[in-house]
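Q: What would the 3D arrangement of this be:
(one chain, ligands or ions: 1)
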Amino acid sequence: MPARRVIVSAARAPILESGLRDRERFARGRRITLGTMVALIPQFERGQFTAETPVPTWWPIRKRLEIAAEWARSPVLDVGAGTGWLALHLRHWGHDVTASDYSERARENFQANAAIAGYELAVGSENVSALSYAEEQFASLFCVSVLSYVEDLQGALGELWRVLRPGGIAVIGCLNAYGSFAFLFDRDPRTLWRENRHRGDIRQDVEHFHGPRWWQREFAKRFTVVEAIPLEILSPAIARFAGYGVNPRWTRADVRLAAHMPKEIASEVIFILRK
Ligand SMILES: C[S@@+](CC[C@H](N)C(=O)[O-])C[C@H]1O[C@@H](n2cnc3c(N)ncnc32)[C@H](O)[C@@H]1O
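A: Below you'll find the predicted structure:
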């Protein structure tokens, strides 16, 4: 089944595949209105994925899913797939999906989530800088919040180019070195004397600290930059101080604000690239 984009007013929200009227939810006991443009996996929407998986009410995640629904073309690769929430949604929307991650812990989460969602979707063990896939194998690929953490960045960019078909689309999410996430987490002074900088999640230590202009210039050496989408500005701060269970209104407002702001102040920027 193709990715479903449902564009309607909130008042005439459809019953989505999950059987839930998606525009009306309750958060912290208060009735709020939520909108989503894409069909979510019911188990994800009900918060049944593993504890390390982003929560469905976190608006930057929904925005990533909307971008994915718009740009994915089969066969599609999700590299550095983490807990699999994105790859499993691509599969849910009927795409021919290949997924991989080089971390065993991430792959365990991925497999657990695939079992919860009821999809048979394998997750390969791959290093983005040395992929085993054939040349021009994919019509689109996703590499979201990964490139800052790889050791061999130029190798990774070369591999992403190699496995993509001419005319294919690469959707790449990049940490902004001057954004709120970087300042709150990666530039935390305590990390200077902490022996293990891994923060207990599947993120890795940052190897490449760059601003969005740097990333864009680097991508433009190989790809045509179709769009640079500022994803969020303050959501990482909201997570840090109010937790991920906060009323989704806040992160929705942040995502909406980010869309109208320069990418330089975003915490993460999603680049849409064409080969
Ligand atoms: C911050 S997580 C993002 C995961 C997922 N893309 C998402 O958006 O939730 C970064 C992921 O990149 C993976 N990763 C880091 N370096 C990698 C590499 N060289 N090759 C493949 N995966 C890598 C990590 O294992 C981790 O799962």
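
Q: Tabulate the CA atom coordinates of stretch 117-137 in CSV.
A: Taking Å, rounded to 0.1, in the frame of the first residue of the first chain, the C-alpha atoms of stretch 117-137 are listed here in CSV:
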residue,chain,number,x,y,z
ALA,A,117,4.4,-4.3,14.9
GLY,A,118,4.0,-7.7,13.4
TYR,A,119,6.3,-7.1,10.5
GLU,A,120,9.0,-9.4,9.2
LEU,A,121,11.7,-6.9,8.5
ALA,A,122,15.3,-7.8,8.9
VAL,A,123,17.9,-5.3,10.1
GLY,A,124,21.4,-5.8,8.7
SER,A,125,24.7,-5.1,10.4
GLU,A,126,26.3,-2.4,8.3
ASN,A,127,28.7,0.4,8.7
VAL,A,128,27.4,3.4,6.7
SER,A,129,31.0,4.1,5.6
ALA,A,130,31.5,0.6,4.0
LEU,A,131,28.1,-0.6,2.9
SER,A,132,27.7,-4.1,1.3
TYR,A,133,24.8,-3.0,-1.0
ALA,A,134,25.1,-2.9,-4.8
GLU,A,135,25.7,0.3,-6.7
GLU,A,136,22.6,2.2,-7.5
GLN,A,137,20.4,-0.3,-5.5
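
Q: Distance from that stretch to the middle of the chain?
A: Mean-position distance between stretch 117-137 and its chain equals 16 Å (CA atoms, centre = their mean, to the nearest Å).

Q: repeat for stretch 265-275
A: Worked out by CA atoms, centre = their mean, stretch 265-275 lies 11 Å from the chain centre.

Q: buried set for it?
A: Of the residues in stretch 265-275, Ile265, Ala266, Ser267, Glu268, Val269, Ile270, Phe271, Ile272, Leu273, Arg274, Lys275 count as buried by neighbour count, 16 or more other CB atoms under 10 Å. All C-beta spots, glycine's among them, are computed from the backbone N, C-alpha and C.

Q: could you dump those to JSON lines with secondary structure?
A: JSON lines is the format used below for the buried residues of stretch 265-275 (DSSP: H, G, I helix; E, B strand; the rest coil):
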{"residue": "Ile265", "secondary structure": "helix"}
{"residue": "Ala266", "secondary structure": "coil"}
{"residue": "Ser267", "secondary structure": "coil"}
{"residue": "Glu268", "secondary structure": "strand"}
{"residue": "Val269", "secondary structure": "strand"}
{"residue": "Ile270", "secondary structure": "strand"}
{"residue": "Phe271", "secondary structure": "strand"}
{"residue": "Ile272", "secondary structure": "strand"}
{"residue": "Leu273", "secondary structure": "strand"}
{"residue": "Arg274", "secondary structure": "strand"}
{"residue": "Lys275", "secondary structure": "coil"}
